[in-house]
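In: Make a model of this:
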Amino acid sequence: MSKLKRRIMVLFITLGIIVAVLFGVGYLILHSPSFGALPSGARLERILHSPNYRDGRFQNRYPMSQGMQPSSMGDRIKILWKFLFDRPDNIRPVDSIPVVRHDLKKLDRSEDLIVWFGHSGYLLQMDGVRYLIDPVFVEGAPFGISNAFFKGTQVFDVADLPEIDYLVISHDHWDHLDYHVAKELQSRVRKVYTGLGVGAHLERWGYRPDQIVELDWGESTPTAEGGRVHCLPTQHLSGRGLTSSQSLWASFVLQGPKHSVYVGGDGGFGPHYAEIGKQFPQLDLAILENGQYNKENWSGIHMLPEHLGETMQALGAKRFLTVHHAKFALAMHPWKEPLQNAKRLRDEKGFPILMPRLGDIVHYTDSTFTTDDWWEKLD
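Out: Residues are numbered from 1 along each chain as shown. Take a look at the predicted model:
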């Protein structure tokens, strides 16, 4: 065999080894615990009978118009490349985000309040019951590259939390369902309320089947304290690995004997908001996505600024809190923009929008709560 042929053979063998190693590493990563599990058995059977599961995946209630569809894999790669290597400087703050620290374990359970942890995580007390919604206290996504926390915001942890009654997970995306946090919470929550299929992740992470309540859109279930959890539609997607939309994304109304709160999760604008507002005309608080939008590719699955006021009008809640911002950047807009948009709706349109700092204790039934425009002082 000539030297040239030997070199070519060595080259091909080397390339084959590299490819095999890459596939092996990729396989191990995708099957690591943090990626969760796909539904199977009785859970999958229930999903297959859902009217919202068609053509091998969960579908949105309302079809998205042309140009509002989720991007192709090629487009996603382009977006990710631009986000990682060609993103503007102002999508992340230079300064530290101000955070208010309280001893949350000393909260009076009888007070109706909310504490926002940044992005879409918050602690909610209503009618003597404590709910924890979409907590993310650890950088993930899944490798900490795309959602590194803003400076100053990584101050909360599971150890800081008071006793929690119910964990609510809107969907299984990494910025809403964190493996490490979920594992730590397993022994500290009585039940988890979430959409169909999400329980597969939770069971892999050590949750007992009797801890998990999975709901389809339009279903509701009672709580031990005499309230109800209503599972409602939203326009979004789900998925933690290469598979998409195998678990259900959802919004919720948490209803107590005296009060009710809308948990919006992630989702684009649609007729469902007017339907929810009509079904629940006495919402004390509505929590809406506001941030990490991309008009070119995600306009059908994330709330755009021009639709935020229309959504508030449709829901008709007594007060609003906007989330999905101020902790990490997942889109290309300036980090302040969601806050500035909410301020404009509050000041110019008169919407009763709460705009707390991270960690503020907000009594959402108290109309006298105010705060300064804290973000305007930051670069």
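
In: Tell me how many other residues surround residue 353.
Out: Residues lying near residue 353 (other Cβ atoms under 10 Å) number 21. In this view, the C-beta of every residue, glycine as well, is placed from N, C-alpha and C.

In: Look up which residues are beta-bridged to it.
Out: residue 320 (DSSP bridges).

In: need the contact list for it.
Out: 312, 319-322, 342-343, 345-346 (Cβ atoms under 8 Å, 6 or more residues apart in numbering).

In: Can you say which two of the residues you listed are spatially most distant?
Out: Among those, the pair separated by the greatest distance (Cβ to Cβ) is 319 and 343, at 15.1 Å.

In: These two: which has the busier surroundings?
Out: More crowded of residue 319 and residue 343, by other Cβ under 10 Å: residue 319, with 22 against 16.

In: Tell me who's in contact with the more buried one.
Out: With Cβ under 8 Å, 6+ apart, residue 319 has these contacts: 284-286, 352-354, 364, 367.

In: quick one: which of those residues is nearest residue 161?
Out: For the contacts of residue 319, the nearest to residue 161 is residue 364 (18.8 Å; Cβ to Cβ).

In: Let me see the contact set for the closest one.
Out: Counting by Cβ under 8 Å, 6+ apart, residue 364 has contacts 112-114, 261, 284-285, 319, 321, 354.

In: Can you tell me which of the residues you listed has the largest number of neighbours?
Out: Of the contacts of residue 364, with other Cβ under 10 Å as the count, residue 261 tops at 26 neighbours.

In: Let me see the backbone angles for that one.
Out: Note on residue 261: backbone dihedrals following degrees, to the nearest 10 are phi -130, psi 140.

In: picking that back up, quick one: which of the contacts of residue 364 is nearest residue 172?
Out: residue 261 (21.8 Å).

In: do you know how far that closest one is from residue 45?
Out: 32 Å (Cβ to Cβ, to the nearest Å).

In: again, but for residue 301
Out: With Cβ to Cβ as the criterion, residue 301 and residue 45 are 27 Å apart.

In: go on, residue 35?
Out: Distance, residue 35 to residue 45, by Cβ to Cβ: 23 Å.

In: Which single one of the contacts of residue 364 is nearest to residue 90?
Out: Within the contacts of residue 364, proximity to residue 90 (Cβ to Cβ) peaks at residue 321, which comes in at 24.0 Å.

In: Wait, the closest one touches residue 287, no?
Out: Yes: contact criterion Cβ atoms under 8 Å: residue 321 and residue 287 qualify, at 4.9 Å.

In: nearest residue to residue 133 other than its sequence neighbours?
Out: residue 168 (4.7 Å; Cβ to Cβ, 6 or more residues apart in numbering).

In: which element follows the strand or helix carrying the one you found toward the C-terminus?
Out: Assigned by DSSP states H and E, residue 168 belongs to strand 166-169. Per DSSP H and E, the first helix or strand lying C-terminal to strand 166-169 is helix 179-185.

In: Now do that following helix: everything it contacts.
Out: 33-34, 36, 132, 135-138, 140, 158, 164, 167, 201-202, 205-207.

In: next helix or strand past it?
Out: Next along the chain from helix 179-185, counting by DSSP H and E, comes strand 191-195.

In: Against which helices or strands is that next one packed?
Out: Contacts defined by 3 or more Cβ pairs under 8 Å, 6 or more residues apart in numbering; DSSP states H and E place strand 191-195 against strand 166-169, helix 199-204, strand 212-215, strand 228-232.

In: Sketch out the low-pLDDT regions of the stretch 1-150 of the chain for me.
Out: Where the stretch 1-150 of the chain drops to pLDDT under 70, the residues are 1-31, 64-86, 140-147.

In: residue ranges of the strands in it, please?
Out: Assigned by DSSP state E, counting those that start in this stretch, the strands in the stretch 1-150 of the chain fall at 53-54, 57-58, 113-116, 122-126, 129-133.

In: Could you export these as a markdown table, including distance to residue 191?
Out: Output for those, formatted as a markdown table (distance: least, Cβ to Cβ, whole Å):
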| stretch | distance to residue 191 |
| --- | --- |
| strand 53-54 | 24 |
| strand 57-58 | 22 |
| strand 113-116 | 20 |
| strand 122-126 | 15 |
| strand 129-133 | 10 |
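
In: right, so of these, which gets closest to residue 249?
Out: strand 57-58 (7.5 Å).

In: in stretch 105-123, what counts as buried?
Out: 107, 112-123 (16 or more other Cβ atoms under 10 Å).

In: closest to residue 268 among those residues?
Out: Once Cβ to Cβ is applied, the member of the buried residues of stretch 105-123 that ends up nearest residue 268 is residue 120, at 15.3 Å.

In: Run through the residues that contact the closest one.
Out: Applying Cβ under 8 Å, 6+ apart, the residues near residue 120 are 133-134, 136, 170, 175-176, 265-266, 289, 323-324.
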